[in-house]
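A.B. asks: Structure for this input, please:
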Amino acid sequence: MTPEAVLAHYDKAALWPADRSTLGRTDVAAAYQDALALRALRLERGERPVGYKIGFTNRTIWQRYGVFGPIWGPVWNTTLTRCDGHGTVDLAGTVQPRIEPEIVFGIAATPPRDATLEQVFGCVEWLAPGFEIVQSHCDWKFTAAETVADGALHARLLVGRETPVRKFANTGAELDDKLAATRLRLFKGDAAIDEGTSVNVLDGPLHALRHFVQELQNCPGAPTLQPGDVITTGTWTDAWPIVPGETWRAEFEAPFDSLAITLR
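C.D. replies: The predicted model follows:
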């Protein structure tokens, strides 16, 4: 699939061709170059990148989806919604959407090259609960490279109340320990659906952020992480199918905020 074809399928909310034997990417490095070309097409038509998503950081779901390492891709002004605890997200134009509860970071400064965990922590301004809505134009059957070329499966991002990171911890090690001790429960309506812990996410969201920073810096042609960027670090649970009309809730343990989302 060319970047132009990927964008056309995105706009039409259409699945990719079932037979992609000669179309689909298998080389992840080449797929990132396709993804950067797709980014350029979206920039040309007026969309504005506001950050990034990191996907497949949760090792417990690698076998299920056949992707055995993290990927990343852009979040856009057209896909980002903020709220103060309960938000509404429109699923129109998404393909086979699923929901993922995550921790989101706000970036205060560009991390140095080969940053340590503490240096990455020093570049964080705030953190917040989040729900990423992911989608697949490949019927949830894909190679790692195809997920990269397919916008890293990003569809929507809801970010809850942003709390300054220093209210949680004064060092990266302290935040890492606090997150490692935190669990969440995921509800659809009043029904408990799943549970997860932050250590599912590459041993913790701050580790996932550090991994992403290194990958971004090593990707030819990729833009530099900027102050103000929003980074969502990967699901603590499996990704669950969703439809309009549902309300979901992620209950993080104290001191982290919980978050609810209504889908329309």
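
A.B. asks: contacts and neighbour counts: CA atoms only from here.
C.D. replies: Will do.

A.B. asks: tell me the contacts of the residue nearest to the spatial centre of the chain?
C.D. replies: With distances taken as CA atoms, centre = their mean, residue 53 lies nearest the centre of the chain, 3.1 Å away. Taking CA atoms under 8 Å, 6 or more residues apart in numbering as the criterion, residue 53 is in contact with 72-75, 152, 154, 231-234.

A.B. asks: Going by distance to residue 91, which of those residues wins?
C.D. replies: residue 154 (12.2 Å; CA to CA).

A.B. asks: May I have stretch 36-55 as CSV, with CA atoms only?
C.D. replies: Taking Å, rounded to 0.1, in the frame of the first residue of the first chain, the C-alpha atoms of stretch 36-55 are listed here in CSV:
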residue,chain,number,x,y,z
LEU,A,36,6.6,9.7,7.4
ALA,A,37,5.3,10.1,3.8
LEU,A,38,1.8,9.7,5.1
ARG,A,39,2.5,12.3,7.8
ALA,A,40,3.6,14.7,5.1
LEU,A,41,0.3,14.1,3.2
ARG,A,42,-1.7,14.9,6.3
LEU,A,43,0.4,18.0,7.0
GLU,A,44,-0.2,19.2,3.4
ARG,A,45,-4.0,19.1,3.9
GLY,A,46,-3.9,21.1,7.1
GLU,A,47,-3.7,18.6,9.9
ARG,A,48,-1.4,19.3,12.8
PRO,A,49,0.6,16.7,14.8
VAL,A,50,0.3,17.2,18.5
GLY,A,51,2.3,14.2,19.7
TYR,A,52,2.7,10.5,19.4
LYS,A,53,1.2,7.1,20.4
ILE,A,54,3.4,4.2,21.4
GLY,A,55,1.8,0.8,20.5
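
A.B. asks: what comes up buried for that stretch?
C.D. replies: 36-39, 48-55 (16 or more other CA atoms under 10 Å).

A.B. asks: List the ones among the residues you listed that fall in helices.
C.D. replies: 36-39 (DSSP state H).

A.B. asks: Report the spatially closest residue to the residue nearest to the centre of the chain, excluding sequence-adjacent ones.
C.D. replies: Sequence neighbours aside, residue 232 is the residue nearest to residue 53 in space, at 4.9 Å (criterion: CA to CA, 6 or more residues apart in numbering).

A.B. asks: All good on my end, thank you.
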